[in-house]
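Chemist: Turn this into a model:
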Amino acid sequence: MKWISRGFVVGLALAATGCVQPAAHPPFPTSSLSAIPTQAPTVTAHSRPTATLTPTSPPSSLPTFTPATEETPDDDAALWESVPVRPFAWSVVNPEPPRRVPNAVRAFWVTHGADGQRRQVSARLVAQTPHAEMWVEDGIWRDVRQIEEAAWHFETQIYPRLQAVFGSEWTPGVDNNARIVILHAAGLGRSVVGYVSSADEYPRSVYATSNEAEMITVNLDTVAIGTPGYYAVLAVQLQRLIQWAADPNEARWVKEGLAQLAVWVTAAQPGCDPRVYLANPDTSLTNWRDTGSPRERAAACLFALYYHQRFGDAGIRSWAAEPLDGPAGITAALREVEADLSFESLFADWLVANHLDGAAGATPDDPYQYTHLDLPAPTAAITYTGQPISASATVAQFGADYIVLPGQRDLQVTFTGALTASVVDVAAHSGRHYWWSNRADESLTTLARTLDLSAVDQATLTYWVWYDIEAGYDYASVEVSSDGGQTWQALVTPLGTEDNPHGSNPGWGYTGLSTGGREWIQERVDLTPYVGQAVLVRFSYLTDEAVTGVGFLLDDIEVPEIGFYDDMEREDEGWRASGFVRTDGEVSQHYLVLLIGQGDAVTVQRLALDASQQATWTISPATSGWRVAVLVISGMAPGTTQPAAYQMSIDTIVD
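Modeler: Numbers count the residues shown, from 1 in each chain. The predicted model follows:
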């Protein structure tokens with residue numbers, strides 16, 4: 001039986017788990033703000049290698065899958081690798097676990113979702129369980145019995161289930177308290193139903209507005225205690241606490257998908273409305289511009305649901321705990337559950353499942369279906385009507401164009417793709433290459449080298465920069481160490497600032513936009529205080545937990561007094577890069593092209609492209625016994641938000 005509770009998904013769970021971020025950013029570190037989305041749209045149905053495509057085996061009741069001889073070449077490996085996580089000291093502020101008596105009162109910092117302003121509220125302890133403290137802001141009417149029931153629902157239905165599937169939060173945590181603080185407050189803005197903030201995991205000596213607790217904040221203006229939406233908020237935010245402890249700089253789309261999955265594993269209801277994505281399948285699963293649009297979040301949620309269906313609780317636990325991030329982390333997690341799959345092959349299966357969702361003849365082991373969801377077909381990009389088509393198009397990286405080919409006549413399809421895609425749409429200051437900081441949440445990337453200043457009495461460091469950094473929250477800096485890297489001193493730079501509105505500036509740093517366009521700016525820093533010795537110089541890029549800009553770019557670094565100059569055009573010039581990537585701003589563009597044939601049986605094939613990303617195929621729906629054939633096209637370039645361009649022609653073969 002298949003079912004999906006539409007009203008729950010749209011009216012409660014989707015609102016609780018967040019598809020729209022607040023307009024303003026809350027103080028560092030960024031809170032994971034959940035929001036109330038709009039109603040989901042209604043889905044409307046609708047010398048090159050040459051091959052003749054027919055079923056690769058006799059018709060059967062099960063789909064067949066013909067894999068490509070090899071997966072997408074990994075010639076941009078640096079962009080698949082995980083970015084170093086920002087250091088965390090795991091400091092505990094209480095030598096003994098706190099003892100809380102009923103009706104205790106304490107102050108908490110809360111964040112307004114619209115403007116990011118922090119304020120203190122006084123709250124009272126209403127109920128406790130072994131793993132939860134339920135606090136309510138003073139002045140808000142409360143039903144004690146209702147809160148006690150909610151506390152025990154969290155204790156018995158949410159906490160143990162998420163522990164079993166995802167792992168554990170940091171416990172006893174910064175406050176040496178095994179209980180999670182759940183604050184019920186008001187006046188947080190209509191865009192917020194609940195949030196967690198990693199700032200609360202730090203002592204106040206690091207962040208003055210830290211609540212020094214593993215903590216969930218619930219906005220009683222937008223969700224009522226004891227409702228399904230309320231429990232969805234608790235499930236999503238507890239999963240975020242668990243994920244932060246396991247892998248805080250995991251790719252944003254993975255974090256969001258796993259958080260939405262928490263609603264499913266605790267309530268057997270999706271934490272999203274998949275129709276938002278299926279109505280717009282040309283949406284990147286992996287490469288988000290900011291905090292994620294509603295359809296990007298729905299894509300991540302649906303992928304996590306599919307992963308859980310295929311590999312169960314054990315597969316999700318391996319995925320959530322895997323230190324590698326994004327696609328690399330998924331491939332590693334799949335190996336742990338003994339699945340002979342990579343991320344790319346699982347992604348291909350997922351695209352097919354989204355279209356077929358259990359076609360006739362499917363069995364419970366069929367990878368191309370959802371056993372507990374009844375989904376509409378993805379909206380087609382093109383439906384061939386018999387007239388020749390020749391078009392230029394784009395498809396999102398790790399998104400999908402579905403092209404429907406009715407099964408009356410044999411067809412010739414010609415495909416031409418691009419060879420490269422832009423990762424950073426900025427040309428080098430000189431030559432072709434520059435260093436790029438990379439971009440990821442909760443990360444610290446660095447680029448360091450030794451400079452020998454022992455023979456000079458003055459020294460000047462010059463370099464060219466371009467940057468797009470989340471203003472006031474993330475920072476790039478230039479630092480010097482004279483003790484072998486044990487300590488670092490941030491240097492004063494002309495474009496930098498010492499302003500530190502949210503506690504994340506390392507002392508002096510770049511933040512915001514360097515210019516209004518793509519122009520590079522030369523910076524000049526005095527190294528004279530460090531002459532007479534060899535020193536380490538490094539460029540660092542520190543990010544918080546939610547929004548990241550394009551990052552920090554470096555070119556043409558020079559110290560003229562010692563004859564040092566590097567234009568970045570040679571690979572090995574003594575730099576030690578941790579997360580930084582030497583790049584020309586482009587990556588190789590590859591494509592995934594799948595053919596789905598639907599008749600009495602289902603056939604799935606991956607179609608090959610040559611090294612120039614070109615091919616011509618003859619597709620024979622009628623002679624293959626297919627009522628309809630569907631081409632699925634996806635871009636497969638890592639690390640870029642730029643879509644993949646392609647050209648396609650479709651024509652009927654005349655006998």
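
Chemist: Check the secondary structure at residue 161 for me.
Modeler: Assigned state for residue 161: helix (three-state reduction, DSSP: H, G, I helix; E, B strand; the rest coil).

Chemist: before we move on, what about residue 301?
Modeler: Reducing the assignment at residue 301 to three states with three-state DSSP gives helix.

Chemist: and the gap between it and residue 367?
Modeler: As judged by Cβ to Cβ, to the nearest Å, residue 301 and residue 367 stand 19 Å apart. Every C-beta, even on glycine, is put in place using the N, C-alpha and C of the backbone.

Chemist: Of these two, give the one with the bigger neighbour count.
Modeler: When residue 301 is set against residue 367 and neighbours are counted by other Cβ atoms under 10 Å, the residue ahead is residue 301, at 30 against 20.

Chemist: Wait, that one touches residue 274, no?
Modeler: Yes - with contact defined as Cβ atoms under 8 Å, residue 301 counts as touching residue 274 (7.1 Å).

Chemist: okay, now residue 338: neighbour count?
Modeler: 8.

Chemist: so how far is residue 125 from it?
Modeler: Computed with Cβ to Cβ, the distance linking residue 338 and residue 125 is 46 Å.

Chemist: cool, residue 230 as well?
Modeler: Distance from residue 230 to residue 125, by Cβ to Cβ: 19 Å.

Chemist: Between those two, tell me which one has more neighbours.
Modeler: With other Cβ under 10 Å as the criterion, residue 230 and residue 125 differ in neighbour count, and residue 230 comes out ahead with 22 against 17.

Chemist: average pLDDT across the host helix or strand of residue 183?
Modeler: Following DSSP states H and E, the helix or strand that holds residue 183 is strand 180-185. Averaged over strand 180-185, pLDDT sits at 98.

Chemist: any low-confidence regions in this structure?
Modeler: In the predicted model of the chain, residues 1-89, 358-365, 516, 655 satisfy pLDDT under 70.

Chemist: Domain ranges for it, per the record?
Modeler: Per automatic domain parsing, the domain ranges recorded for the chain read 17-39+90-246, 50-77+380-421+588-652, 434-584.

Chemist: Redo those as a markdown table? Include distance to residue 259.
Modeler: As requested, these are arranged in a markdown table below (distance: least, Cβ to Cβ, whole Å):
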| stretch | distance to residue 259 |
| --- | --- |
| domain 17-39+90-246 | 5 |
| domain 50-77+380-421+588-652 | 19 |
| domain 434-584 | 13 |
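
Chemist: quick one, which of those domains is nearest to residue 346?
Modeler: Closest approach to residue 346 among the domains of the chain (Cβ to Cβ): domain 50-77+380-421+588-652, 11.3 Å.

Chemist: what about the closest one, distance to the chain center?
Modeler: 27 Å (Cα atoms, centre = their mean, to the nearest Å).

Chemist: Tell me which other helices or strands the strand holding residue 183 touches.
Modeler: When contacts are defined as 3 or more Cβ pairs under 8 Å, 6 or more residues apart in numbering; DSSP states H and E, strand 180-185 sits against strand 105-111, strand 118-129, strand 132-137, strand 215-219, helix 228-246.

Chemist: do you know which of those lies nearest residue 377?
Modeler: Ranking the helices and strands packed on strand 180-185 by proximity to residue 377 (Cβ to Cβ) places helix 228-246 first, at 27.1 Å.

Chemist: if we can go back for a sec, so which of the domains of the chain is nearest residue 261?
Modeler: Of all these, domain 17-39+90-246 comes closest under Cβ to Cβ, at 7.6 Å.

Chemist: so how far is the closest one from its chain's centroid?
Modeler: The mean C-alpha position of domain 17-39+90-246 is separated from the chain mean by 22 Å, Cα atoms, centre = their mean.
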